[in-house]
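Colleague: Here's a sequence, model it:
(chains A and B)
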Amino acid sequence: MGLARGEVDWERLVARCRAGDQRAWEQIVRATSPMLYGIARRKGLSEDDAADCVQAAYVALYRSLGSLEAPGGLRGWLATTAAREAVRVSRIRRSRETADISTLEDTLAADEAEADELAAQAERGASLAAALAELGGRCRELLTRLYAGAGESYQAISEALGMPVGSIGPTRARCLAKLRAILERSGFFRDEAYQAEVGPPL
Amino acid sequence: MRHDDAGKFAAEFEAALEGKPSRADARALALGFRALPFQAPDALVQAALAVFPPPQRSQPAFRIRPVQLEGARGGADSRHMVLEAEGAQLRLLYDPSPEALYIVGRIDREGWWLDAAGETFPLTPGEAFEVALKPGDGPAVAWCADAEIVLPTLAELDSAGA
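Modeller: Next up is the predicted model:
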């Protein structure tokens, strides 16, 4: 079965990396580094710590290229690896500032759960970013400003996009409808992790 | 707008779509917006790229030799050279009148690419190919899976007397 537009053939990229193809590695890095960096920054790491965290994930990937059991799930593998590293570094930073009295077992269990959640969120964000890219144009700009930005007012968005304030609402509805169609096609709402998190439809 | 209230987002999405999405879908969308990727700094990307080592390059057994001019491009002042290696062949034709270097490649096996003037051109086995280089461009580079060859510049071709 072929890939939908915007989908990445991770399995093929891993196979090419195994054959020494540097371009395949570059494709992987360019496709995933924003997601991994986002994981580290959202965990509250500094820019330097975040960069180290992302680097650690890629080093781990390079070392594991030959043994990855499910190359098709590479994006999730990288997200989980970076999230675990981010949580670990964050805990180290915190423990320097506060007296940590939790037991090691509790800490490790909590870290793992948090890392899994971080990774799942990041994958969700990456899927949405791909859908927004496909949406393109003013719709992408409008929805990003509305929902992913720093909370711009309608007036500010109106001025930035040259769009009357009164048409932002109707345009938003049309853009959301288009976005939803793209997401449905890509399986965004069928994701099992989602369903586990958000629960069954009401 | 705050990002720490997925429920509020979800309600807004539901309202915007006039109740068409389920609440779960709306919440999923809200969570997605809250987790969009960040722009990764270029230094981070470069460091990540460097994790993967470049292929080992060995000096290929290439030789350059002048040959008889062929075809319409041949002329009294043309220089024509052949670059040969491991069954693959790249043919260079220097025509001084338009001051351009033409590189014609005939690729005999998979994995050959030609890079000239900052652009990359995929070549398929057996395909003929040519590209014009303007004087002043950097040297053209051809490579295969494990070898890199810097092709002669215009000046080098000239001094070679081909």
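
Colleague: what residues are up against the residue nearest the centre of chain A?
Modeller: The residue lying closest to the centre of chain A (Cα atoms, centre = their mean) is residue A:122, at 2.8 Å. Going by Cβ atoms under 8 Å, 6 or more residues apart in numbering or on different chains, residue A:122 touches A:35-36, A:38-39, A:42, A:79, A:82-83, B:35, B:37. In this view, the C-beta of every residue, glycine as well, is placed from N, C-alpha and C.

Colleague: so where's the chain uncertain?
Modeller: You didn't pick a chain, so chain A it is. Within chain A, the segments meeting pLDDT under 70 span A:1-7, A:96-107, A:150, A:191-202.

Colleague: Chain B, not that one
Modeller: Applying pLDDT under 70 to chain B flags residues B:1-23, B:55-162.

Colleague: make it 50
Modeller: Applying pLDDT under 50 to chain B picks out residues B:1-4, B:57-100, B:104-135, B:137-141, B:143-148, B:161-162.

Colleague: Correct me if wrong: residue A:82 contacts residue A:36.
Modeller: Yes: look at residue A:82 against residue A:36 with Cβ atoms under 8 Å: they come within range, at 4.2 Å.

Colleague: hey, what's in contact with both of those two?
Modeller: Taking Cβ under 8 Å, 6+ apart as the criterion, residue A:82 and residue A:36 both touch A:53-54, A:57, A:122.

Colleague: List only buried entries from these.
Modeller: The neighbour-count test (16 or more other Cβ atoms under 10 Å in any protein chain shown) marks A:53-54, A:57, A:122 as buried among the shared contacts of residue A:82 and residue A:36.

Colleague: The closest residue in space to residue A:121 that isn't next to it in sequence - how many residues pack around it?
Modeller: Nearest non-adjacent residue to residue A:121, counting by Cβ to Cβ, 6 or more residues apart in numbering or on different chains: residue B:35, 4.1 Å away. Neighbour count for residue B:35, taken as other Cβ atoms under 10 Å in any protein chain shown: 24.

Colleague: got the phi/psi numbers for residue B:35?
Modeller: Residue B:35 adopts backbone torsions of phi -120, psi 30, taken as degrees, to the nearest 10.

Colleague: from the middle of its chain, how far away would the longest helix anywhere in chain A be?
Modeller: Longest among the helix segments of chain A by residue count, using DSSP state H, is helix A:104-135. With Cα atoms, centre = their mean, to the nearest Å as the basis, helix A:104-135 stands 7 Å off its chain's centre.

Colleague: Check stretch A:160-167 too.
Modeller: Remark: stretch A:160-167 is offset 30 Å from the chain centroid, using Cα atoms, centre = their mean.

Colleague: what about that stretch, how long is it end to end?
Modeller: With Cα to Cα, to the nearest Å applied, stretch A:160-167 spans 14 Å between its terminal residues.

Colleague: Mind checking if it is in reach of chain B?
Modeller: No: Stretch A:160-167 lies apart from chain B when judged by Cβ under 8 Å from any Cβ of the partner chain; the minimum separation is 13.7 Å.

Colleague: do stretch A:29-37 as well
Modeller: Yes: on the criterion Cβ under 8 Å from any Cβ, stretch A:29-37 is in touch with chain B at A:29-30, A:33-37.

Colleague: Highest neighbour count among these?
Modeller: Counting neighbours by other Cβ under 10 Å, residue A:36 comes out on top of these with 33 neighbours.

Colleague: Quick check: chain neighbours aside, which residue is closest to residue A:163?
Modeller: residue A:171 (6.7 Å).

Colleague: burial count for the one you found?
Modeller: Around residue A:171 there are 17 other residues, counting by other Cβ under 10 Å.

Colleague: Can you tell me how far it is from chain B?
Modeller: 10 Å (Cβ to the nearest Cβ, to the nearest Å).

Colleague: residues contacting that residue?
Modeller: Contacts for residue A:171 (Cβ under 8 Å, 6+ apart) come out as A:138-139, A:142, A:163.

Colleague: Just give me how far whichever strand or helix holds it sits from the chain centre.
Modeller: Using DSSP states H and E, residue A:171 sits in helix A:165-186. Averaging C-alpha positions (Cα atoms, centre = their mean) puts helix A:165-186 21 Å from its chain's average.

Colleague: got the buried residues for it?
Modeller: So for helix A:165-186, counting by 16+ other Cβ under 10 Å, buried means A:168, A:171-173, A:175-176, A:178-180, A:182-183, A:186.

Colleague: if we can go back for a sec, who wins on neighbours among the contacts of residue A:171?
Modeller: Using other Cβ under 10 Å as the neighbour test, these are led by residue A:142, with 21 neighbours.

Colleague: Quick check: it touching residue A:158?
Modeller: No: counting by Cβ under 8 Å, residue A:158 is not a contact partner of residue A:142; they are 10.3 Å apart.

Colleague: shared neighbours of the two, anything?
Modeller: residue A:168.

Colleague: so residue A:112 touches residue A:88, yeah?
Modeller: No: the criterion here is Cβ under 8 Å, and residue A:112 misses it with residue A:88 at 10.3 Å.

Colleague: Which of the contacts of residue A:122 has the largest number of neighbours?
Modeller: residue A:39 (35 neighbours).

Colleague: Over to it. Which of the three states is it?
Modeller: Three-state assignment for residue A:39 (DSSP: H, G, I helix; E, B strand; the rest coil): helix.

Colleague: before we move on, back to that, which of the buried residues of helix A:165-186 lies closest to residue A:25?
Modeller: residue A:186 (25.1 Å; Cβ to Cβ).

Colleague: Can you tell me how far the closest one is from chain B?
Modeller: Distance from residue A:186 to chain B, counting by Cβ to the nearest Cβ: 11 Å.

Colleague: Quick check, that residue in contact with residue A:132.
Modeller: No: Residue A:186 is not in contact with residue A:132 according to Cβ under 8 Å; the separation is 11.5 Å.

Colleague: I am finished for the moment; much appreciated.
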